[in-house]
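*Asks:* Here you go, sequence then predicted model.
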Amino acid sequence: MKDRLLGTWKLVSVVREDLASGEKTNSMGADPLGFLTYTADGRMIALLARSDRARPAGAVPSPPEAVDLFGSMI
């Protein structure tokens, strides 16, 4: 089974379920972007981001833009 998981996987959804109510939400939006990679030496890396992230107005994000950018990715 381990060998079947090795490699890079494309994210297709991020669903959060509230255990008390059973309510499900797309916590990274309807069409999130991301990848999950498992390596043979036991390492894992994940990158998840909202597809509707706002681009900063300039080359360097303002402090409020930086907060929004960091808050829209894991």
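*Replies:* Perfect, I can see it now. On a predicted model such as this, the values are computed, not experimentally measured, just so you know.
*Asks:* Now the residue most central in space within the chain. Nearest residue, chain neighbours left out?
*Replies:* Centrality entry for the chain: nearest residue to the mean C-alpha point is Leu48, 1.5 Å, by Cα atoms, centre = their mean. In this structure, Leu48 finds its nearest non-sequential neighbour in Gly34, 3.8 Å apart by Cβ to Cβ, 6 or more residues apart in numbering. Just so you know, the C-beta spots here come from the backbone N, C-alpha and C atoms, and that holds for glycine as well.
*Asks:* right, and that neighbour touches Ile45 too?
*Replies:* No: Gly34 is beyond contact range of Ile45, at 10.7 Å (criterion: Cβ atoms under 8 Å).
*Asks:* Compare the two (neighbour count), which wins?
*Replies:* Gly34 (19 against 10; other Cβ atoms under 10 Å).
*Asks:* by contact count, what packs against the host helix or strand of the more buried one?
*Replies:* In the assignment (DSSP states H and E), Gly34 maps to strand 33-38. On a contact count with 3 or more Cβ pairs under 8 Å, 6 or more residues apart in numbering; DSSP states H and E, strand 33-38 meets strand 7-10, strand 44-49.
*Asks:* try it again with 10 Å
*Replies:* helix 2-5, strand 7-10, strand 44-49 (3 or more Cβ pairs under 10 Å, 6 or more residues apart in numbering; DSSP states H and E).
*Asks:* CA atoms of that strand as CSV?
*Replies:* Output of strand 33-38 as CSV, limited to C-alpha atoms (Å, rounded to 0.1, in the frame of the first residue of the first chain):
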residue,chain,number,x,y,z
LEU,A,33,-5.7,24.7,-5.6
GLY,A,34,-3.1,22.5,-4.1
PHE,A,35,-0.9,19.4,-4.0
LEU,A,36,0.1,16.7,-1.6
THR,A,37,3.4,14.8,-2.0
TYR,A,38,4.6,11.7,-0.2
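*Asks:* List the contacts of it.
*Replies:* Strand 33-38 is contacted by residues 2, 4-14, 28, 43-53, 73-74 when judged by Cβ atoms under 10 Å, 6 or more residues apart in numbering.
*Asks:* how about 7 Å then?
*Replies:* Here strand 33-38 makes contact (Cβ atoms under 7 Å, 6 or more residues apart in numbering) with 5-11, 44-49, 51.
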